[in-house]
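Asker: Next come a sequence and a model predicted from it.
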There are 2 protein chains.
Amino acid sequence: MTHIAVLGYGTVGSGVVEVLNTNRGSISLRGAGDISVKYILDVRDFSDSEYASLFVNDFSVIENDPDVRVVVETIGGSGVALEFTRRALAAGKSVVTSNKEIVAEYGDELLRTAGEKNLNYLFEASVGGGIPIIRPISQCLAANEIDEIYGILNGTTNYILTRMIKAGLSLDDALREAKELGYAEQNPAADVEGHDACRKICILSSLAFGKHIYPRQVPTEGILNVTLDDVQYAKSAGRCIKLLGRASRLPGGKVCAYVGPHLVSASNPIANVEDVFNGIVVKGNAIGEVMFYGRGAGKLPTASAVVADVIDAIKHISSRKLLSWDSADEALVGDSGCLESSYYIRCENGIDAAKEIFGGVQQLSRADAGENEHAFITSPMNLYELKKRVEQLKHSALVLSLMRTLD
Amino acid sequence: MTHIAVLGYGTVGSGVVEVLNTNRGSISLRGAGDISVKYILDVRDFSDSEYASLFVNDFSVIENDPDVRVVVETIGGSGVALEFTRRALAAGKSVVTSNKEIVAEYGDELLRTAGEKNLNYLFEASVGGGIPIIRPISQCLAANEIDEIYGILNGTTNYILTRMIKAGLSLDDALREAKELGYAEQNPAADVEGHDACRKICILSSLAFGKHIYPRQVPTEGILNVTLDDVQYAKSAGRCIKLLGRASRLPGGKVCAYVGPHLVSASNPIANVEDVFNGIVVKGNAIGEVMFYGRGAGKLPTASAVVADVIDAIKHISSRKLLSWDSADEALVGDSGCLESSYYIRCENGIDAAKEIFGGVQQLSRADAGENEHAFITSPMNLYELKKRVEQLKHSALVLSLMRTLD
């Protein structure tokens, strides 16, 4: 029997308690023995809950109870959640979290502390909800040099884009619908501005490339500039618009990561990842391309990933799992602007100038296009080359949209 | 420094040696330290190879060398490969294999032996080539009761079906092309008759449901009866034909597995898995649906999975990984005929009788259909109910094709 504590009884925390109870039998079979939730920390009143007797509101009760071997942190944010994580590790308890904000900003520090104390700090649920991705990258793909990772890492924005593509809704209407369905929060900034995807690609690239990469090192653009016009042009070219987080090894050995909307070719398996689903592609030098697909959020999928980590933490209670990365190294992180791709541009006027400046373009069309509206895809180039040419184009055209493409 | 031996220097075996060398740096970072291939067992002459000095043709050299801690078996088949696996385990060496035939037929015995001797027997490469699937099922999804697994498990048949669907090739022509490209063997029976997919679904269902399920318990049909007519009818209904291995929990708690061609709905993510790629969907009671996608075969992808297992075996050299299942239990395995689905039927004549017998059907159409040719999809029913009605239909119609559907 192993005792654990769950911090925060919100969506994920209550899901963790539910999954531990519902699947008690099969969990025990997986080699973790019986798992008992000894405490649930929440300041809110749950006196009507069937678990009422487990609630505490003082973290020191958990901290000082040597019975508790694993602490599950599902509070979110980087306030008390960070404080409790540090104190739990200091008190000799392994920590399992779904908190991408903390892992992306403080993962190096917490992994180092865990390592020094021979504890586990596990965070499968921090990326892709229930989709197994952290463990596959660190274990199954261990034989590979990872060249690139990209993915649809945020279900809310993927839902909005899918509704724009499939139902012709405007971004505002799709966002309103997402809020009504509970897919978007009332303040959706973290999702639609790309910050959530940014944290996740930080975690994936830190793991893949072995050194911590911070959100501030990752240029991030959300979906707020994507219009229905762009969606239609993309469709006419057999593409769809997806918000991708992407991490790539640059020629020369540096790595880079960024977040932004892309025109993705329909033949890319990620183009078929719709609604609130997530899809993550990993490219390795031996394995080629693999994709992981599933629900990137939600109570039970996320709880499923947390509980898998709890099982793993218990199975490795004395022999730590080697899931870690080193401190940040500014010299490792290159400039994503150096990454070449074709670009999609929508503009008013100036198509002849565009053809000349870009040395030929693939012109796109859509129904009901304005008289002087043009859209095209350039040949591959890096961002600086592109910007230089766009500056030239601005003498003859009003540039309305600019996005990378992905084949 | 850990010494290993590689048995068989064919496609996978030579790939393993190549990946170990090429990615030496990153493998060492993954916590397995240096790995040295001390012996390569092959009866053929490789005196020109850069590894010539490592070759032996007598297994007892490896068996009797206490330096060798891990044996990689990539011989294939269940002849000497089985003998050497048993002897390696008996001699106290962990075994890593890509051999689906042995795992599907003898996995229970070999896992038991490994367990008794505190050794690892690992086989990530036996299903889905390089795609991480064995480890995710046993670890990441450990918090779930798995309800169903299905997938495109054989790249050769998926290539053939894709060419029929996309290029309108006949099965014979597509098979010929697959042979020319090296995707199909000269004797393609194991692939096109479904035996390869059968072995893989046996392994996946043994792992998911906890007890060994043998190939003889898995009704298996290949793609030899699939015609271009069927492909066209499927397309007209927004579906495509895929050979699936499928394992499912039946109402009442028994489980079943089978292999056969299905008309898959285009909205199912597996419908977009094309060419030689594999895709495997796992449904759990907490996680919902996840899919794993990638190259299901090939030298380096498969070697990548083998080497990941070698790393894992070395990291767990004294504390065994809990990757195992119990002996077979006839009482666990139910009848896949009890699994309900809609069926696709193509026949000559008898459409009015069909409508009456099946109580309404979804009729399909195709260009250039013969005058009395009909195709339709039934409402959901189990296989016995279906067969009863098909017997009735045979009074009025010549039944040409019969396949399950999957939404």
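Answerer: On my side now, so go ahead.

Asker: Residues of the stretch 1-150 of chain A that sit close to chain B?
Answerer: A:15, A:19-20, A:22-23, A:26-27, A:29-32, A:124, A:130-132, A:135-136, A:138-145 (C-beta under 8 Å from any C-beta of the partner chain). C-betas here are computed from N, CA, C, even on glycine.

Asker: For A:Glu40, give its distance to A:Ile62.
Answerer: One correction, residue A:40 is Ile, not Glu. Here A:Ile40 is placed at a distance of 10 Å from A:Ile62 (C-beta to C-beta, to the nearest Å).

Asker: Need the overlap of contacts for those two.
Answerer: Listed as contacting both A:Ile40 and A:Ile62 by C-beta atoms under 8 Å, 6 or more residues apart in numbering or on different chains are A:Ala5, A:Val56.

Asker: quick revisit: now the buried members of the residues of the stretch 1-150 of chain A next to chain B.
Answerer: Neighbour-count burial (16 or more other C-beta atoms under 10 Å in any protein chain shown) applied to the residues of the stretch 1-150 of chain A next to chain B gives A:15, A:19-20, A:22-23, A:26-27, A:30-32, A:124, A:130-132, A:135-136, A:138-145.

Asker: In helices only, show me these.
Answerer: A:Gly15, A:Val19, A:Leu20, A:Thr22, A:Ser26, A:Ile27, A:Arg135 (DSSP state H).

Asker: and the two most separated of those?
Answerer: Of all pairs drawn from these, the greatest distance, 22.1 Å, lies between A:Thr22 and A:Arg135 (C-beta to C-beta).

Asker: what bits of the stretch 201-350 of chain A have low per-residue confidence?
Answerer: For the stretch 201-350 of chain A, the stretches flagged by pLDDT under 70 are A:322.

Asker: For it, just list every one of the helices.
Answerer: For the stretch 201-350 of chain A, helices defined by DSSP state H, counting those that start in this stretch occupy the ranges A:228-236, A:299-315.

Asker: Could you say which of the ones you listed is packed most deeply?
Answerer: helix A:299-315 (a mean of 28; mean count of other C-beta atoms under 10 Å in any protein chain shown).

Asker: Check the offset of that one from the chain's centre.
Answerer: Counting by C-alpha atoms, centre = their mean, to the nearest Å, helix A:299-315 is centred 18 Å from the centre of its parent chain.

Asker: Who are the packing partners of it?
Answerer: If you count contacts as 3 or more C-beta pairs under 8 Å, 6 or more residues apart in numbering or on different chains; DSSP states H and E, helix A:299-315 packs onto helix A:11-22, strand A:35-41, strand A:68-73, strand A:94-97, strand A:121-122.

Asker: and if we set it to 7 Å?
Answerer: helix A:11-22, strand A:68-73, strand A:94-97, strand A:121-122 (3 or more C-beta pairs under 7 Å, 6 or more residues apart in numbering or on different chains; DSSP states H and E).

Asker: got the ones you listed as CSV, with mean pLDDT columns?
Answerer: Shown next, in CSV, are the helices and strands packed on helix A:299-315 (pLDDT from 0 to 100):
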stretch, mean pLDDT
helix A:11-22, 95
strand A:68-73, 98
strand A:94-97, 98
strand A:121-122, 96
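
Asker: Including distance to B:Arg246, could the ones you listed go into JSON lines?
Answerer: Shown next, in JSON lines, are the helices and strands packed on helix A:299-315 (distance: least, C-beta to C-beta, whole Å):
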{"stretch": "helix A:11-22", "distance to B:Arg246": "24"}
{"stretch": "strand A:68-73", "distance to B:Arg246": "34"}
{"stretch": "strand A:94-97", "distance to B:Arg246": "33"}
{"stretch": "strand A:121-122", "distance to B:Arg246": "32"}
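
Asker: Looking at those, which is nearest to B:Ala397?
Answerer: helix A:11-22 (47.7 Å).

Asker: Residues in contact with the closest one: which ones?
Answerer: Helix A:11-22 is touched from outside by A:6, A:27, A:35, A:37, A:40, A:51, A:72, A:74, A:98, A:299-300, A:302-304, A:306-307, B:143, B:286, with contacts defined as C-beta atoms under 7 Å, 6 or more residues apart in numbering or on different chains.

Asker: how about 6 Å then?
Answerer: A:6, A:35, A:37, A:72, A:74, A:98, A:299-300, A:302-304, A:306-307, B:143, B:286 (C-beta atoms under 6 Å, 6 or more residues apart in numbering or on different chains).

Asker: how about the residues of the stretch 201-350 of chain A that lie near chain B?
Answerer: A:269, A:272, A:286-288, A:290-291, A:293-295, A:300-301, A:304, A:307-308, A:311, A:319, A:322 (C-beta under 6 Å from any C-beta of the partner chain).

Asker: rerun at 7 Å
Answerer: A:210, A:269, A:272, A:284-295, A:300-301, A:303-304, A:307-308, A:311-312, A:315, A:319, A:322 (C-beta under 7 Å from any C-beta of the partner chain).

Asker: what's the spatially closest residue to A:Pro269 that is not a sequence neighbour in contact with, if anything?
Answerer: Excluding its sequence neighbours, the residue lying closest to A:Pro269 (C-beta to C-beta, 6 or more residues apart in numbering or on different chains) is A:Met291, at 5.2 Å. Contact analysis of A:Met291 by C-beta under 7 Å, 6+ apart lists A:Pro269, A:Ile270, A:Gly279, A:Ile280, A:Val281, B:Tyr293, B:Gly294.

Asker: Return the residues in contact with the first one.
Answerer: Think A:Pro269. Applying C-beta under 7 Å, 6+ apart, we find A:Pro269 in contact with A:Met291, B:Asn272, B:Tyr293.

Asker: Next one: it relative to A:Gly279, how far apart?
Answerer: Counting by C-beta to C-beta, the gap from A:Pro269 to A:Gly279 is 7 Å.

Asker: Rebuild the contacts of A:Met291 as a markdown table, extending it with distance to A:Arg163.
Answerer: Shown next, in a markdown table, are the contacts of A:Met291 (distance: C-beta to C-beta, whole Å):
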| residue | distance to A:Arg163 |
| --- | --- |
| A:Pro269 | 21 |
| A:Ile270 | 18 |
| A:Gly279 | 17 |
| A:Ile280 | 22 |
| A:Val281 | 23 |
| B:Tyr293 | 24 |
| B:Gly294 | 29 |
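
Asker: for those, which one is nearest A:Leu181?
Answerer: Comparing the contacts of A:Met291 against A:Leu181 with C-beta to C-beta places A:Gly279 closest, at 20.2 Å.

Asker: Return the residues in contact with the closest one.
Answerer: A:Gly279 is in contact with A:Gly151, A:Ile152, A:Ile270, A:Val273, A:Met291, A:Tyr293, counting by C-beta under 7 Å, 6+ apart.

Asker: Just the CA atoms of stretch A:337-349, as PDB, please.
Answerer: Taking Å, rounded to 0.1, in the frame of the first residue of the first chain, the C-alpha atoms of stretch A:337-349 are listed here in PDB:
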ATOM      1  CA  GLY A 337      14.000  32.700 -38.400                       C
ATOM      2  CA  CYS A 338      16.800  30.700 -40.100                       C
ATOM      3  CA  LEU A 339      14.400  27.800 -40.700                       C
ATOM      4  CA  GLU A 340      13.400  27.700 -44.400                       C
ATOM      5  CA  SER A 341       9.900  27.200 -45.600                       C
ATOM      6  CA  SER A 342       7.500  28.400 -48.200                       C
ATOM      7  CA  TYR A 343       5.200  31.300 -47.000                       C
ATOM      8  CA  TYR A 344       1.600  32.100 -47.700                       C
ATOM      9  CA  ILE A 345       0.900  35.800 -48.300                       C
ATOM     10  CA  ARG A 346      -2.400  37.500 -48.800                       C
ATOM     11  CA  CYS A 347      -2.400  41.100 -50.000                       C
ATOM     12  CA  GLU A 348      -4.300  43.800 -51.800                       C
ATOM     13  CA  ASN A 349      -2.800  44.800 -55.100                       C
END
